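>>> This is a predicted model, with the sequence first.
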Amino acid sequence: MKQVLVIVLVIGLFLGCEPKLQPKKPENLIPKDKMTEILSDMFVVSSAKGISRTKFEVEGIDPETYILKKYNIDSLQFAQSNDYYAHDVETYKEIIEEVKAKLTSKKQKYEAINKEEEAANKKKKDSLRQLRQVQRANPNLKDGSIKTKD
């Protein structure tokens, strides 16, 4: 009985000390910079899909398939490349940090555009309010005779 226990422990030690099974580098590995772009788009699409799932379904759009076609890759190539990079923690961390920076930059860009549009809409509403006030004060004026600031 002791011999069986010793053999099981020795086998357990050998199996426990086996190095991590990192996948082999795929022949068609997606380059790191392209992988960053793909993952960035995947995160955006994933968020959009979460918000507008029914719109995608009604239009018959599969966002993931669209991205794969955009980058001229297939799902297997993406899965193998993603698996390969995910096993190299430092490289994958660099990719994710680049994705995060890209998304943050895009967010800031769109927030700035949104602020500009809100300011333009407020200015337009203020101009319309002024026009209505002038029209109420002077009901005899024709619409074409009133000039507003743009």
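That came through, no problem.
>>> Find the helix or strand that the residue nearest the centre of the chain is a member of.
Most central in the chain under CA atoms, centre = their mean is Val44, positioned 2.2 Å from the mean C-alpha point. Element membership of Val44 [criterion: DSSP states H and E] is helix 32-51.
>>> Can you give me the buried ones in that helix?
Taking 16 or more other CB atoms under 10 Å as the basis for neighbour counts, the residues of helix 32-51 that come out buried are 35-42, 44-45, 49. Heads up, the C-betas are built off the backbone N, CA and C, glycines and all.
>>> In JSON lines, list these along with pLDDT.
What follows is the buried residues of helix 32-51, written out as JSON lines (pLDDT from 0 to 100):
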{"residue": "Met35", "pLDDT": "94"}
{"residue": "Thr36", "pLDDT": "95"}
{"residue": "Glu37", "pLDDT": "95"}
{"residue": "Ile38", "pLDDT": "94"}
{"residue": "Leu39", "pLDDT": "92"}
{"residue": "Ser40", "pLDDT": "92"}
{"residue": "Asp41", "pLDDT": "91"}
{"residue": "Met42", "pLDDT": "88"}
{"residue": "Val44", "pLDDT": "88"}
{"residue": "Val45", "pLDDT": "84"}
{"residue": "Lys49", "pLDDT": "75"}
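>>> Closest one to Asn138 out of the residues you listed, please.
Val44 (51.5 Å; CB to CB).
>>> Please convert the buried residues of helix 32-51 to TSV, extending it with distance to Pro63.
Compiled in TSV, those are given as follows (distance: CB to CB, whole Å):
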residue	distance to Pro63
Met35	18
Thr36	18
Glu37	15
Ile38	12
Leu39	14
Ser40	13
Asp41	9
Met42	8
Val44	9
Val45	4
Lys49	5
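>>> before we move on, the earlier item: quick check: the residue nearest to the centre of the chain vs Lys107, distance?
Counting by CB to CB, to the nearest Å, the separation of Val44 from Lys107 is 10 Å.
>>> can you give me the helices for this protein?
Applying DSSP state H to the chain gives helices spanning 2-16, 32-51, 53-59, 63-70, 75-87, 89-137.
>>> closest one to Pro26 among those?
Among the helices of the chain, helix 75-87 comes nearest to Pro26, with 4.3 Å by CB to CB.
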